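Trainee: Just to be clear, the model below is a prediction. Sequence and coordinates:
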Amino acid sequence: MGSRSDWETMRHASETLAKLGVPHECKVVSAHRTPQRMYDYAQAAAGRGLRAIIAGAGGAAHLPGMVAALTRLPVLGVPVESHALKGMDSLLSIVQMPAGVPVGTLAIGRAGAINAALLAAAMLATTDAALALRLERFRDEQTGSVAETPQ
Ligand code: RP5
């Protein structure tokens, strides 16, 4: 994530990955304030054995696109809700990548963070049968938790 202040949103991605038993790490890496850290992190990611990167940022949210430019790993972008523009700035600056450098962009805020984790898990599950089972169980439990009649 681009800032510690993004954690309230991005913790939902981490919690979802943890629920699914997907090992992961959480880092603050800012495209603007720590550009060298971002460069080093993205360049080393594939070699360290990471399989995907979820990048959350708000405002002029360059982090996901810059990370995507620096690695061949799939990058999922989460637009963090900004105070001034309610995350529309984050969304547009993450989703409108030029052809050639994709960022899989999710919804603004908590829903996007959760879905980024679920999408990353689904990608990993294509080559991990045990994770595929856990993902199916997660979906079944979610379906089972939806009451037909409101309480
Ligand atoms: C972005 O600037 C971060 O991703 C964060 O969403 C936003 C504001 O950061 P702070 O000023 O709260 O650290 O780089």
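Mentor: Here it is on my side, so go on.
Trainee: okay, how far is it across stretch 96-108, tip to tip?
Mentor: 14 Å (C-alpha to C-alpha, to the nearest Å).
Trainee: same check, this time on stretch 15-25
Mentor: 11 Å.
Trainee: Please apply the same query to stretch 119-130.
Mentor: Taking C-alpha to C-alpha, the first and last residues of stretch 119-130 lie 16 Å apart.
Trainee: Can you tell me what sits against that stretch?
Mentor: 16-17, 20, 22, 51-52, 54, 74, 76, 104, 106, 131-132, 135 (C-beta atoms under 8 Å, 6 or more residues apart in numbering). C-beta coordinates here come from the backbone N, C-alpha and C atoms, glycine included.
Trainee: Specify the local secondary structure of residue 57.
Mentor: strand (DSSP: H, G, I helix; E, B strand; the rest coil).
Trainee: Count residues in the vicinity of the closest residue to it other than its chain neighbours, would you?
Mentor: Computed as C-beta to C-beta, 6 or more residues apart in numbering, the closest residue to residue 57 that is not its neighbour in sequence is residue 2, at 3.6 Å. Neighbourhood size, residue 2 [other C-beta atoms under 10 Å]: 26.
Trainee: what about residue 2, distance to the ligand?
Mentor: To the ligand, residue 2 is 2 Å away according to C-beta to the nearest ligand atom, to the nearest Å.
Trainee: Kindly report the same for residue 117.
Mentor: When residue 117 is compared with the ligand (using C-beta to the nearest ligand atom), they lie 18 Å apart.
Trainee: Could you find the closest non-adjacent residue to that residue?
Mentor: Residue 117 sits nearest to residue 16 (C-beta to C-beta, 6+ apart), 3.6 Å away.
Trainee: now swap in residue 18 and tell me
Mentor: residue 24 (7.9 Å).
Trainee: what's the answer for residue 34, then?
Mentor: Spatial nearest neighbour of residue 34, excluding adjacent residues (C-beta to C-beta, 6+ apart): residue 28 at 7.8 Å.
Trainee: The one you found: what's it in contact with?
Mentor: Going by C-beta under 8 Å, 6+ apart, the list of residues near residue 28 reads 1, 2, 3, 4, 6, 34.
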